[in-house]
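1. task: produce atomic coordinates for the following.
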Amino acid sequence: MSRIGRMPITVPAGVEVKNDNNLITVKGPKGELKRQFSTELGIEVEAGTITVTRPSDDKRHRSLHGLTRTLIANMVEGVTNGYSKTLEIEGVGYRAAKSGNKVTLNLGFSHPVILEETDAIKIDVPQPNKLVITGIDKQAVGQFAAEVREKRPPEPYKGKGIRYAGERIIRKEGKAGKGKK
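-> Numbers count the residues shown, from 1 in each chain. Alright, predicted model coming up:
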């Protein structure tokens, strides 16, 4: 039995969970999330807990069991607390500025890179070299942060670029053999 899949999910106060033929709707203080899950699995919503069961020990059912439980737990966590990713911008002249719902990034290109907030994703710029991306959907926050990082990924020689907070960039040495033949 899946250790993750068999753990019940506790639903905090103020969160409402509905199950309509494995279309799970989670409503909380931060918003609402919906997701359709495989109808092969059993999802029971009782008072204060959600449990996921599988019909057999097939490879497919075992793999869906833990995944489904984790996705539902992430939905509950998202509507109660939300998710955030912090990105750091490093490099001379690299910076971010927010105006309205648009963020302008100067990343050493001949043009500024402009990002727009969506309904699900909010961007905050507490410092010119820091971006905080927040939202209630864990997958959407992570995907948006990855797309922002992709605009100028950190390079290994000087460490310039956009990186996740706490990410360690393995530095390389530059050219070594000046004067050797």
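
2. state the pLDDT value of residue 181.
-> Looking at residue 181, its pLDDT is 54.

3. do the same with residue 178
-> Listed pLDDT for residue 178 reads 62.

4. make residue 1 into 22 and carry on from there
-> From this message on, residue numbering opens at 22, which makes the last subject residue 199.

5. mean confidence for the longest helix anywhere in the chain?
-> Ranked by residue count, the top helix of the chain under DSSP state H comes out as helix 80-101. Across helix 80-101, pLDDT averages out at 93.

6. which parts of it are buried?
-> The neighbour-count check on helix 80-101 (16 or more other Cβ atoms under 10 Å) flags 82, 85-101 as buried. Any C-beta I mention is one placed from the backbone N, CA and C, and that applies to glycine too.

7. grab the nearest non-local neighbour of the residue nearest the centre of the chain.
-> The C-alpha lying nearest the average C-alpha coordinate of the chain belongs to residue 163 (Cα atoms, centre = their mean; 2.6 Å). Among residues not flanking residue 163 along the chain, residue 106 sits closest, at 6.6 Å (Cβ to Cβ, 6 or more residues apart in numbering).

8. hang on, the one you found packs against residue 154?
-> Yes: at 4.9 Å, residue 106 and residue 154 qualify as touching, with contact defined as Cβ atoms under 8 Å.

9. higher neighbour count, these two?
-> The residue with more neighbours, out of residue 106 and residue 154, is residue 154; 23 against 19, by other Cβ atoms under 10 Å.
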